[in-house]
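Asks: Below is the sequence, then the predicted model.
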Amino acid sequence: MNRRKFLKWTGFGALSLSLYGCIKGLNATQQNHYYSGPITDHFDGVHFFNRKDKHVTSFSDFLKWRVLEKRAVWPDNYPSPYSKVSPDPSLSHDEITVTMVGHATLLIQMVGLNILTDPVYSERVSPIDYVGPKRHNSPGIQFEALPKIDVILITHNHYDHLDLETLNKLVSRDSPKIYTPLGNDTIIKKAIRTSDIQSGDWEDEFKFNADLKVHFEPCQHWSARGVNDRRMALWAGFVLESDNHKVYHIGDTGFGNGENYRDVAKKHGGVDVAILPIGAYEPRWFMKSSHQNPQEALTGSQLCKARYGLGHHWGTFQLTNEAVDAPKQALDAALKQQALDQDQFIALRPGQVWKLPT
């Protein structure tokens, strides 16, 4: 079966290609395509890995998932109840506002800056334009309505997080500073030569200006964009720090034993808001190591001592088996079980705007 037929058979595009790559890559020459550096507790000289959970998905597991597990049917259109918004291009220095664009793309406005996470405006998240997960709702902020972007955070290189077409448009329009984990800078620079990139390792810290520090934090995931590059670029979360506030953002993560969340609490003493993934988690036996579920996301927000939680990575692109609204329902149930207010952790929809209470 050739690669294109394989993609059509699986129906998952980018995710299928990456998982197929983990198998093809076993026989590939062991040479990192993106990064060369010293061996550490999460890099063996060729591959990056998770400190706490070294589980690697097997091809037999992948086939079991795709052949035997039932996938929920999503509606062609899952519109947001919120209207498209045009954010204020420059908020006051003390305000923190988070606006949901869609999936893992969020506009964070703090210390007068406009920060965009994992910008994806493409209709499909895949290496092939006509195959792969497609949008089930339109972006909550039209591209033309985005304010000038000062900072972009790229958490890892999966196609639903690193969209080179969107990134190229933003670089051409705004010349933002891009922060991304090790190896991803090579991918971006090859496609967008004019990009201004700062790559970093877990625990690294960089000053964007006098008002904002960017911390690279560990999370439990993996990476791949092709058939022989699995785990050759690093994945990370970020803490954005100003004099008075801290915002914690993760693009994708498994919960593991919760140690990464505890470490953030120890290091930062708590955060104002944790923006965490809550979707793409079924079936658990296959997805648990790399995608947390809503209950685990809520627990993670508590472990990292977040005042508030915001959920993303759900309802826009179907990557796994759960129903389109299952993450929100599961999160609501988890909040109710703990007798927590629904505003404590919100599953954001495109166009929804959240402001940090004073």
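Replies: Perfect, thanks for sending it. Numbering: from 1, shown residues only.
Asks: so what's G140 up against?
Replies: S80, Y82, K84, V85, T99, M100, V101, G102, R349, P350, G351, Q352 (CB atoms under 8 Å, 6 or more residues apart in numbering). C-betas here are computed from N, CA, C, even on glycine.
Asks: Kindly report the same for I39.
Replies: Per CB under 8 Å, 6+ apart, neighbours of I39: G45.
Asks: do you know how far it is from F49?
Replies: 11 Å (CB to CB, to the nearest Å).
Asks: next one: T105
Replies: Relative to F49, and taking CB to CB, T105 is found at 27 Å.
Asks: Now do the strands in the stretch 101-250 of the chain.
Replies: 105-110, 113-117, 151-153, 177-181, 196-200, 205-209, 212-217, 237-241, 246-249 (DSSP state E, counting those that start in this stretch).
Asks: Tell me which of those sits nearest to M287.
Replies: strand 237-241 (18.2 Å; CB to CB).
Asks: Which strands and helices lie in contact with that closest one?
Replies: Where contact means 3 or more CB pairs under 8 Å, 6 or more residues apart in numbering; DSSP states H and E, strand 237-241 is packed against strand 212-217, strand 246-249, helix 259-268.
Asks: For my notes, please list these in TSV and give distance to T299 for each entry.
Replies: TSV is the format used below for the helices and strands packed on strand 237-241 (distance: least, CB to CB, whole Å):
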stretch	distance to T299
strand 212-217	17
strand 246-249	14
helix 259-268	8
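Asks: among these, which is nearest T316?
Replies: With CB to CB as the yardstick, what comes closest out of the helices and strands packed on strand 237-241 is strand 246-249 (16.9 Å).
Asks: what does the closest one contact?
Replies: Residues outside strand 246-249 that contact it (CB under 8 Å, 6+ apart) are 96, 98, 106, 108, 110, 117, 153, 155, 217, 237-240, 264, 268, 270-276, 304, 306.
Asks: Return the set of buried residues in stretch 284-296.
Replies: Buried residues in stretch 284-296, counting neighbours by 16 or more other CB atoms under 10 Å, are found at F286, M287, K288, S289, S290, H291, Q292, N293, P294, Q295, E296.
Asks: what does stretch 306-326 give?
Replies: Those would be 306, 308-322, 324, 326, for stretch 306-326 by 16+ other CB under 10 Å.
Asks: so of those residues, which ones are in strands?
Replies: A306, Y308, G309, L310, G311, H312 (DSSP state E).
Asks: Relative to V125, which of these is nearest.
Replies: Of these, the one sitting nearest to V125 (CB to CB) turns out to be H312, at 14.2 Å.
Asks: sorry, back to before: could you identify which of the helices and strands packed on strand 237-241 is most buried?
Replies: Looking across the helices and strands packed on strand 237-241 with neighbours counted as mean count of other CB atoms under 10 Å, the highest average goes to strand 246-249: a mean of 25.
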